[in-house]
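A.B. asks: sequence first, predicted model second:
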Amino acid sequence: MHATFKVQEIHCGACAKRITSAIQAVQPGAEVKIDISSGTVSVRQDGNAEAILKAINDAGYPATSLRIECRPGGPS
């Protein structure tokens, strides 16, 4: 699965690190890429996008899903 989220209040590398840690706490091994300037977080992994969205929000960063792409035959 590849998911992209719009995340508010990402201001610096420390914010990005907290978000990455929150995502990897619920989805170990997830590949996380954060663009601070656009406020987007892209995640590649085999888990649940809703769990990732919840983790970002629970870390204190308001987020919404922009796009979720599932691999054919893979978990969503």
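C.D. replies: Okay, I see it.
A.B. asks: which parts of stretch 12-32 are buried?
C.D. replies: Buried residues in stretch 12-32, counting neighbours by 16 or more other C-beta atoms under 10 Å, are found at 15-16, 18-20, 22-24, 26-27, 30, 32. All C-beta atoms are positioned from the backbone trio N, CA, C, and that covers glycine.
A.B. asks: from the residues you listed, which land in helices?
C.D. replies: Using DSSP state H, the subset of the buried residues of stretch 12-32 located in helices is 15-16, 18-20, 22-24, 26.
A.B. asks: from those residues, which is closest to residue 36?
C.D. replies: Using C-beta to C-beta, the shortest approach to residue 36 within those belongs to residue 16, at 6.2 Å.
A.B. asks: burial count for the closest residue in space to the closest one that isn't next to it in sequence?
C.D. replies: Here the nearest residue to residue 16 in space, its sequence neighbours aside, is residue 34; by C-beta to C-beta, 6 or more residues apart in numbering that works out to 4.3 Å. The criterion is other C-beta atoms under 10 Å. On that basis, residue 34 has 20 neighbouring residues.
A.B. asks: ditto for residue 7
C.D. replies: For residue 7, which is what you asked about, the neighbour count (other C-beta under 10 Å) is 25.
A.B. asks: same check, this time on residue 52
C.D. replies: Residue 52 has 27 neighbouring residues, counting by other C-beta under 10 Å.
A.B. asks: what of the one 5 residues further on?
C.D. replies: A total of 15 residues lie near residue 57 under the criterion other C-beta under 10 Å.
A.B. asks: over to the one 3 residues further on?
C.D. replies: Around residue 60 there are 11 other residues, counting by other C-beta under 10 Å.
A.B. asks: understood, closing this out.
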